[in-house]
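*Asks:* Please find the sequence and the predicted model below.
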Amino acid sequence: MATTRTATTQWKGALLDGSGTVSLDSSGVGTFEVSWPSRAEAANGKTSPEELIAAAHSSCFSMALSHGLAGAGTPPESLRTSADVTFQPGEGITGIVITVEGQVPGISAEQFQEAAETAKANCPVSKALAGTTITLKASLL
């Protein structure tokens, strides 16, 4: 069964001096402020499209890796995944670095790296971001 998730942004003003809010409508977990300075300079307590992409990517990747490891008979005890999405004004998103550390009994570092590469290639968010360079750093704890 397909699912659809919705977020809504309310923006006021021009790009450079305007601001807005983005609400996570499907879950209802919150509304977050956004602005150009929070995107192109310091966050200053506000979010950005890139931070929201990083959240989506790190969670999707973790789910894909967990599923792949369990399917291979080596379910993880824990995974810690971060995604760093780099935004360059005038160019856009220039790259994503996924860093994952895992506690996975019964698996070698090489097997973990292979499982992580497979997750990176098959995670739906990675596929949606295929036009961007995605780098992976994977290690066992």
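*Replies:* Alright, I've got the coordinates.
*Asks:* tell me the contacts of the residue sitting nearest the centre point of the chain?
*Replies:* Closest to where the C-alpha atoms of the chain average out (Cα atoms, centre = their mean) is residue 57, at 2.3 Å. Contacts for residue 57 (Cβ atoms under 8 Å, 6 or more residues apart in numbering) come out as 83, 85, 96, 98, 123, 125, 126, 129. From N, CA and C alone the C-beta is placed, and that goes for glycine too.
*Asks:* Dump these to a markdown table, plus pLDDT, distance to residue 113 and secondary structure.
*Replies:* Rendered in a markdown table, the data for those read as follows (pLDDT from 0 to 100; distance: Cβ to Cβ, whole Å; DSSP: H, G, I helix; E, B strand; the rest coil):
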| residue | pLDDT | distance to residue 113 | secondary structure |
| --- | --- | --- | --- |
| 83 | 98 | 17 | strand |
| 85 | 98 | 22 | strand |
| 96 | 98 | 18 | strand |
| 98 | 98 | 12 | strand |
| 123 | 97 | 16 | coil |
| 125 | 98 | 20 | helix |
| 126 | 98 | 16 | helix |
| 129 | 97 | 21 | coil |
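*Asks:* between those, which is closest to residue 13?
*Replies:* residue 85 (24.6 Å; Cβ to Cβ).
*Asks:* Am I right that that closest one is in contact with residue 98?
*Replies:* No: with contact defined as Cβ atoms under 8 Å, residue 85 does not reach residue 98; the gap is 9.9 Å.
*Asks:* Flag every buried residue along the longest helix anywhere in the chain.
*Replies:* In the chain, with assignment by DSSP state H, the single longest helix is helix 49-71. By 16 or more other Cβ atoms under 10 Å, the buried positions in helix 49-71 come out as 50-54, 56-58, 60-66, 68-69.
*Asks:* now do stretch 41-51
*Replies:* So for stretch 41-51, counting by 16+ other Cβ under 10 Å, buried means 46, 47, 48, 50, 51.
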